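Student: need a structure here:
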Amino acid sequence: QVQLVESGGGLVQPGGSLRLSCVVSGLTLDYYHIGWFRQAPGKEREAVSCIGLSDGSTYYADSVKGRFTISRDNAKTTAYLQMNSLKPEDTAVYYCKAVRLGRNYWGQGTQVTVSS
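Tutor: Now for the predicted structure:
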């Protein structure tokens, strides 16, 4: 059974940092692209960042470029999203997703709230 479990969310003040983790089990992470998505109340889910199989290619939404960093540790079957200089508009539920050849697996999400 494939499971993706996110953690690391919470309440942080504007300008603060959080590091999200996504622990994957039930599949060989080496073979999967990993993405982080977020969904704010009343809004559609959007892609935040993605990382390719070999950690050589990454994508960032314009809204997070220069502030967020995606990484992966295949040996630990874990993906990370380092979020710095957080803004109130980053408030959302953050999800990780594993993708390979049309197979998509989602985590349950972790809440990130940026507020003073």
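Student: so where's this structure shaky on pLDDT?
Tutor: 54-55 (pLDDT under 70).
Student: at 80 what do you get?
Tutor: Low-confidence segments of the chain, defined by pLDDT under 80: 54-56.
Student: nearest residue to the middle of it?
Tutor: Trp36 (3.0 Å; Cα atoms, centre = their mean).
Student: name the SS class of that residue, please.
Tutor: Put simply, Trp36 is strand when judged by DSSP: H, G, I helix; E, B strand; the rest coil.
Student: ok, it - contacts?
Tutor: For Trp36, the contact set (Cβ atoms under 8 Å, 6 or more residues apart in numbering) comprises 20, 22, 47-50, 70, 79, 81, 94-97. Every C-beta, even on glycine, is put in place using the N, C-alpha and C of the backbone.
Student: show me where the chain has its strands.
Tutor: Secondary structure of the chain, counting by DSSP state E: strands at 3-7, 10-12, 18-25, 33-39, 46-51, 58-60, 68-73, 78-83, 92-100, 103-106, 110-114.
Student: out of these, which one sits most buried?
Tutor: strand 78-83 (a mean of 22; mean count of other Cβ atoms under 10 Å).
Student: quick one: strands adjacent to that strand?
Tutor: strand 18-25 (antiparallel), strand 68-73 (antiparallel) (DSSP bridges).
Student: before we move on, the earlier item: quick check: bridge partners of the residue nearest to the centre of the chain?
Tutor: In beta-bridge terms (that is, DSSP bridges), Trp36 pairs with Ser49, Cys96.
Student: now do Ser7
Tutor: Ser21.
Student: switch to numbering from 11
Tutor: OK, 11 is where the count begins now, so the last one is Ser17.
Student: isn't it up against Ser31?
Tutor: Yes: the pair formed by Ser17 and Ser31 meets the contact definition of Cβ atoms under 8 Å, at 5.2 Å.
Student: residues touching the spatially closest residue to Phe78 that is not a sequence neighbour, list them.
Tutor: With Cβ to Cβ, 6 or more residues apart in numbering as the criterion, Phe78 has its nearest non-adjacent residue at 5.1 Å, and that residue is Met93. By Cβ under 8 Å, 6+ apart, the residues touching Met93 are Ser27, Leu28, Arg29, Leu30, Val74, Arg77, Phe78, Asp100, Val122.
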